[in-house]
Each structure stands twice: as C-alpha cells, then as structure tokens.
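Chemist: no FASTA, just this:
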C-alpha cells in the first residue's frame, strides 16, 4: 500500500515508535501486571507496518476490504491497544489504557474481539492467532474468487513471537497456508530469542526459517530496529506469491537500559526506576499517558490513505451488481433456506432408519445448496464425517472458489482456521472429525465460544456405538466436557428429524458456535411431524405417560430409542413414564422455569440415559434420581454387544427403575 507516510524520515518514525513504548510501560506499571517487553521490542516494526503497508480506516473498523492485523502474541496486548489509540480508533480511549487489565476495561490482559472493534480476534493462547490468520487469508481468497477483486483484495498481517512458532498448532497452520498458496498472508516474527524461562536456547535449536522454507513459505529477515530494513523486508513479503515469514530480529524491552534483552522484561512491570531510566534513554519527557501533539499528529495522519481507499471501494461497491449480496454475506445474513421445509416433510413421511451422521449429510445437501456462505471440510475423515456435498467442490490453490477444504490430519489447525474464516466475515464454516478427536482442537473450540464465532463442529462416531474401534476411539467424557464450555451449543440429535432441526438452529445462531455429536450406527426415526422445530427449546416431551406419571426418562441421541422402549415396558407394568428428548442442554437451560418444570416436574423419579459419562445429569435428575451411562472407558466389540455389556438396554434399565420405585 502506497502512503504519504513513506516520506517520513527515521527522525519522525522513532518518536512514533517511542510513543508505543511509553504507553506500554506506563500501562503495565499502572496495572502492576502485564508484558511490556514485546510491545517495546516490536514498536519499530509495528510503526513501519502501520505507516507504510497496512490498509485501515479507524472510522470504519469493520470495512470489509481492510487488511486484517492479528497480534498472535496476545500477551503483548499493549502493542495493539497503543496502535489503535494512536491511529485514531474510537476505542480504546486513553482512559481505557490507563485502566489496562482492570475490571470492565476494554483493554483486557489479552486482546478480545468482543471488546474492541479493532481487535480482529481474541489472542493469547499462543499459536492460535497465526492459525486464525490462515483462516482469514482463506476467506479472503474465497470471497475474492466469488465476488472479484473490486470488492475483495486485502492482506492479512500477523505479529507472532517465539512461542507462537513453537506451538504445535503452528505446524498445522503453516502447512495449510503453504498448500493453499496464501500469498496475502505475512507473518512478522518477533525473533528476540526470549521466552518466560529465559533464552530460547534452553528449549530449542530449531531452524525456524528452514522449517518454514521447507513447508513452502517465502522467508526473509530484517533488523527489527532499522526502519529502512524493516520496510525492505515487508515489501519483499508483500510482493511474494507465497505466504511469508519475516524474521524481525529485535531486542525485547528495547529502551529499558538495564532489562532489555532479558527475560526479566517479558512478563513483569519494569518498575519506577527502570521506567525513569527508559524515559531518559528514549528522550521521552512527556508525563505518563500523554502523547505530544506533534507525535500524535503523525500517527493520526496514517489513516488518510486508508480513508481514500475505503472511499474508492465504496464507489466500486455501489456500482457492482452483486454489491448488496456481498454486504449481506459480510453481515452474516442467512438467505431463505430453499427446499428446507420440503426436506423436513420428506423426513416425516419416509421415517428413515439411518445414522445421524448420514442424516447430517442429507441435511447439508439441502443447506449448502441454499446457503453459499457455507464452507465445509474435514480433518481427513470426509467419508466418515459425511461433510461433503454436491454443492461443495474442492477449495484449492488452483480454484479458490471451491467450498470444501481438505484439512489433512490437522484437527487443531482446522478448528483455528474455521475461527478465522468466521471472524473474517462472509463465510459460515463447518468442519468434521471424530468426537473423540475434539480433544485435539478443544482450545480452538473454547476460543470459538469466547469470540462468539459462528462455527459449526461436526463430531461423528459419538459413543460406544461406533463399535469395534474400541476405547481409543469411543467418546466417554467428551459430550459432558463440551457442555462445560460456556456459550457453546452442544447438539446430540436422536434421529434424522432432530438432526435437521439442530442444523437449522446452528445456522440461524448469530452469536456463537455449535457442535453436533452424531452417530456412526443407524438409529430409528422417532417423529413423523415436521410442523415445528421441537429441538428449539433444547428439550421436549417425545412420549407422554398414559398411566399416572411416576417416571420421566431424559435422554439424548442414540439412547432416546432405549428410553422409548423402557417407557413402553414401564407402561405395561402400570407405571406411567414420559420420554423427554434433550438434544441441547444449553437451549433447555435458557427456557423459563415454567417450561422446565413442565418437562421435569417435582415428585417423580427422573432418570437419564446417555452413552457417556454421567457427569452433569444430576442437575436434572436430582439426588434421588437415576443416571444410566458409562463412567469408564469403552471396549472393542460390535455396538450391540457393547450396549448390552454396559447395561444400556431397556431390558437392563427397567428392572432397576422398578426396584427404585419399590415394585
């Protein structure tokens, strides 16, 4: 990006960089908590990036064709907060920065996208910012292929630290980026050779540049405190058709004369004496949290080229025949679900006896045809997860218009990339793996929820029902543990109709992720009515007691059929039993007490049946209720034998219920 700031001499750039250093050390000191070293060390690189390369407009932080800037080394959050304030974003204010790391300050310890429009994503768990940036670059290429360069043509810039490049997810992410030849992705590595414990030589002898080059990246280096050399390296990266890694050789805590270059400046305040010494070295005479007018004017001038670029883009948008469609996509507006009602009516008529992973595939066939924003994929389990449809051709370096990604055996990288796609906008990503392997990507799922990213996880082979693959592949604790993640909707549908309902709920959700736990084995259809989405309240009465109600059977997924059979056997014994299908705890918990009490009333025996750990069911069954599940690892055998072995059959459950009732 050509800007007027290219004419700024080092004598002008140095005070601008020192403004970042001053704000960072003062804010960390005021909070008595934080990481001043990285912002001070990368201040020069960030100043060159913002003054010469980054396309941005503080007045329109969500402008779709802005460059994305991701601070993957999120512990250095004061770098981002300083940049946003200095360049003129509405938030954070200087008062916010004064209250760094304090309750309700938008300047949280690590950047949070839900707090600041200028934060593209929530970072701090090292490596995931870079991995999300890969997803953003994928989204940019896909939307460019679909809508053209007049509407979509921007870059993704990342600042990463040594820790980001050590994390395992980094290896997964950079492999994806190289495979897809994401030339718009540029990673600026803060190569300062310091981690919390000390020099990086304590823990690694890796040739990082060699690894990236072997993966297929363009690599280069620069002196991270030489403005001309930084600009040379960033220009080289921006021009290369491959994703680029720029090793910026920096001094951590640059400007703090007694602590710079050591791990002592990584994650602790400098202290009043060292701050005073740093001010002297930097020639910074302004009081804490005060930026001299001339320096502020230079920073605020940097937005002018971006303002001009946005104006030209808005003219192109207005003249583009697909402009309205593009903005609807970027606004995550869901189009009419053409053919959806007819599909659900057919399910009600046909009552298919199929696995819910197959039901998911059938639902996706309709949904991906109706919703162009849906971009799917799988971590090398496409034929098992059933995630590919006729509408989703392969996304590749040769054809970015494709809507299906082969992530390879990279569950963590896949989940992080989907977060990045969702946060970029214009993409509604879904991706599949086995439920047991959700552990590989759990931290990214957690970030989906924390960031309120609209991502759908398709997690198949959801219980001992997968059979002979045995306990290494049979989920036990996974559904309960996913339910423990705040703001994640976990769906475990019982049949084809519930699977369709859960998919619709996941797509219509605007404020967070969803996970669908799906069976490998066939399950019978339990409902023949498509008039309402009964799963929308999280739970509903599937079978009502005929005899006076004494028992309520709560169940999810493939075990609902067992609950139905158990209820029938109890009714034959004169015991009235309801069956409540509970495909989504989170939605049921959101209902009012009247509705909850109507399904789980006082004065009856409440029984849960689920082929998983029983953790959490006591909330609904109470201390006097009964929980049937599996609180140990599974075994290798055909599914039918396993259900009998673990006592998850109506024949095994009903006598225990009757005994509990004293019958």
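Modeler: Everything's here; your move. Being a predicted model, the structure only gives us computed values, none of them experimental. Residues are numbered from 1 along each chain as shown.
Chemist: when you work out contacts or count neighbours from here on, use the C-alpha atoms and nothing else.
Modeler: Noted.
Chemist: which intervals of the chain have sub-threshold pLDDT?
Modeler: 1-7 (pLDDT under 70).
Chemist: remind me, longest helix of it?
Modeler: helix 10-31 (DSSP state H).
Chemist: report the buried residues of that one.
Modeler: The neighbour-count check on helix 10-31 (16 or more other C-alpha atoms under 10 Å) flags 13-31 as buried.
Chemist: equivalent analysis for stretch 603-622, please.
Modeler: So stretch 603-622, judged by 16+ other C-alpha under 10 Å, has buried residues 604-614, 617-618, 620-621.
Chemist: that stretch: end-to-end distance?
Modeler: One end of stretch 603-622 to the other measures 11 Å (C-alpha to C-alpha, to the nearest Å).
Chemist: do a quick rundown of the helices in the stretch 501-650 of the chain.
Modeler: Secondary structure of the stretch 501-650 of the chain (DSSP state H, counting those that start in this stretch): helices located at 560-572, 585-589, 593-599, 618-621, 639-645, 650-660.
Chemist: the stretch 201-350 of the chain too?
Modeler: Going by DSSP H, counting those that start in this stretch, the stretch 201-350 of the chain shows helices at 208-215, 227-239, 272-282, 293-301, 304-319, 323-330, 340-350.
Chemist: among the helices of the stretch 501-650 of the chain, which is nearest residue 222?
Modeler: Among the helices of the stretch 501-650 of the chain, the nearest to residue 222 by C-alpha to C-alpha is helix 585-589 (49.9 Å).
Chemist: can you list the helices and strands that that closest one packs against?
Modeler: strand 489-491 (3 or more C-alpha pairs under 8 Å, 6 or more residues apart in numbering; DSSP states H and E).
Chemist: each with direction, which strands does the strand it packs on pair with?
Modeler: strand 514-517 (parallel) (DSSP bridges).
Chemist: the residue nearest to residue 124 when sequence neighbours are not counted: neighbour count?
Modeler: Counting by C-alpha to C-alpha, 6 or more residues apart in numbering, the nearest residue to residue 124 once its immediate chain neighbours are dropped is residue 74, at 4.1 Å. Residue 74 has 29 neighbouring residues, counting by other C-alpha atoms under 10 Å.
Chemist: if I pick residue 74, what's in contact with it?
Modeler: 110, 111, 122, 123, 124, 125, 126, 129 (C-alpha atoms under 8 Å, 6 or more residues apart in numbering).
Chemist: okay, and the first one sits in which element?
Modeler: In this case it means residue 110. Remark: residue 110 resides in no helix or strand, with elements defined by DSSP states H and E.
Chemist: and it, how many residues sit next to it?
Modeler: 21.
Chemist: got it, and the fourth one?
Modeler: Burial measure for residue 123: 26 neighbouring residues, criterion other C-alpha under 10 Å.
Chemist: same check on the last one?
Modeler: For residue 129, the count of nearby residues is 31 (other C-alpha under 10 Å).
Chemist: can you check the fifth one too?
Modeler: Residue 124 has 20 neighbours, counted by other C-alpha under 10 Å.
Chemist: any idea how far it lies from residue 163?
Modeler: From residue 124 over to residue 163 (counting by C-alpha to C-alpha), the distance is 11 Å.
Chemist: now do the last one
Modeler: For residue 129, the distance to residue 163 equals 12 Å [C-alpha to C-alpha].
Chemist: okay, and the common contacts of the two?
Modeler: By C-alpha under 8 Å, 6+ apart, the residues touching both residue 129 and residue 163 are residue 73.
Chemist: tell me which of the helices of the stretch 201-350 of the chain sits most buried.
Modeler: Using mean count of other C-alpha atoms under 10 Å, the stretch among these with the largest mean neighbour count is helix 227-239, at a mean of 18.
Chemist: and the contacts of that helix?
Modeler: So helix 227-239 is contacted by 10, 13, 44-45, 48-49, 52-53, 183-184, 186, 218-224, 243-246, 248 (C-alpha under 8 Å, 6+ apart).
Chemist: any of the residues you listed buried? List them.
Modeler: 13, 44-45, 48-49, 52-53, 183-184, 186, 218-224, 243-246, 248.
Chemist: still on that earlier bit, any idea which of the helices of the stretch 201-350 of the chain gets closest to residue 40?
Modeler: helix 272-282 (10.6 Å).
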